[in-house]
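Visitor: How does the following fold in three dimensions:
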Amino acid sequence: MLHWNEYIKIFVAVMVIVDPIGAIPLFLSLTGNQSNHERRHTAKIAAFAMAVVLIISCLFGDTILRFFGISMASFRVAGCILLLFLGIAMMHARQSTSKHTPEEDKEAESKESVAVVPMAMPLLAGPGAISMLIIYSQEAPLWAHKGILIGCCLIAAVAIWATMLSAIHLSKGLGKTGINITTRVMGLILTAVAVEFIATGLGQLFPGLIH
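Guide: Residues are numbered from 1 along each chain as shown. So this is what the prediction gives:
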């Protein structure tokens, strides 16, 4: 088991990569033609689907890596390079195209339901979030450790659900500037986490670097 302050850092990292505040503009855009009841239903399904994807990543991510013969050190470096790009994009107050692209947004406009795709995946539980959970799940080979990670995912899902329910009010209260500032701060934190992970992964791949 890790120390309790490590789990606080993990929880903060999960919340940062999910970025509930940053998801508000796209959520409002994709649900602009929905009634309040339909918007609440979309928020519930999106949060649930996001939790399922992240929990599956915690439980079976290492099995998938072993199936393809990918070492954890290699995946740590590759996944955290993706996190680094996501963090840099967030510091510029924009969504990375690894989460969604303009073409996906245009396609989503014609869908009756946008809760699972693109809201839950890839916007909320995108490649960056999945990579982070797989990496964190390998920090300690104990079920209690994975249980805490699952708890973090569930809390993040509840936060996403509550944010979406209050999206209109939060958007008016924070404004575009407030949302951008929050996104930039989260991007800075995510970038720092990514650099730390990359350094650890390179140390595992090239032990001579740490001497």
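Visitor: Any stretches of this structure with poor pLDDT?
Guide: Within the chain, the ranges that satisfy pLDDT under 70 run 1, 95-112, 208-211.
Visitor: can you pull out the helices in it?
Guide: For the chain, the helices defined by DSSP state H cover 4-18, 24-30, 36-67, 72-91, 102-108, 127-137, 143-165, 167-205.
Visitor: Give me the angle between the first one and helix 72-91.
Guide: By that I understand helix 4-18. For helix 4-18 against helix 72-91, the angle by axes from the mean of the first three to the mean of the last three Cα atoms, to 10 degrees is 60 degrees.
Visitor: what comes up buried for helix 4-18?
Guide: By neighbour count with 16 or more other Cβ atoms under 10 Å, helix 4-18 contains the buried residues Tyr7, Lys9, Ile10, Phe11, Ala13, Val14, Met15, Val16, Ile17, Val18. In this view, the C-beta of every residue, glycine as well, is placed from N, C-alpha and C.
Visitor: Need the winner for burial among the helices of the chain.
Guide: helix 127-137 (a mean of 23; mean count of other Cβ atoms under 10 Å).
Visitor: what angle do it and helix 4-18 make?
Guide: Using the same axes, to 10 degrees: helix 127-137 against helix 4-18 is 170 degrees.
Visitor: what's helix 127-137 packed up against?
Guide: Packing partners of helix 127-137 (3 or more Cβ pairs under 8 Å, 6 or more residues apart in numbering; DSSP states H and E): helix 4-18, helix 36-67, helix 72-91, helix 143-165.
Visitor: And those helices: which comes nearest Lys172?
Guide: Nearest of these to Lys172, taken as Cβ to Cβ: helix 143-165 at 13.8 Å.
Visitor: Export that closest one to PDB, keeping only CA atoms.
Guide: C-alpha atoms of helix 143-165 as PDB (Å, rounded to 0.1, in the frame of the first residue of the first chain):
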ATOM      1  CA  TRP A 143      -6.500  -5.400  -4.100                       C
ATOM      2  CA  ALA A 144      -6.900  -2.800  -1.400                       C
ATOM      3  CA  HIS A 145      -4.800  -0.500  -3.600                       C
ATOM      4  CA  LYS A 146      -7.100  -1.100  -6.600                       C
ATOM      5  CA  GLY A 147     -10.100  -0.700  -4.300                       C
ATOM      6  CA  ILE A 148      -8.900   2.800  -3.400                       C
ATOM      7  CA  LEU A 149      -8.400   3.600  -7.100                       C
ATOM      8  CA  ILE A 150     -11.900   2.500  -7.900                       C
ATOM      9  CA  GLY A 151     -13.100   4.700  -5.100                       C
ATOM     10  CA  CYS A 152     -11.300   7.600  -6.700                       C
ATOM     11  CA  CYS A 153     -13.000   6.800 -10.100                       C
ATOM     12  CA  LEU A 154     -16.400   6.700  -8.400                       C
ATOM     13  CA  ILE A 155     -15.900  10.100  -6.700                       C
ATOM     14  CA  ALA A 156     -14.700  11.600  -9.900                       C
ATOM     15  CA  ALA A 157     -17.900  10.200 -11.600                       C
ATOM     16  CA  VAL A 158     -20.100  11.800  -8.900                       C
ATOM     17  CA  ALA A 159     -18.200  15.100  -9.400                       C
ATOM     18  CA  ILE A 160     -18.700  14.900 -13.200                       C
ATOM     19  CA  TRP A 161     -22.400  14.200 -12.700                       C
ATOM     20  CA  ALA A 162     -22.900  17.100 -10.300                       C
ATOM     21  CA  THR A 163     -21.000  19.400 -12.500                       C
ATOM     22  CA  MET A 164     -23.100  18.500 -15.600                       C
ATOM     23  CA  LEU A 165     -26.300  19.000 -13.600                       C
END
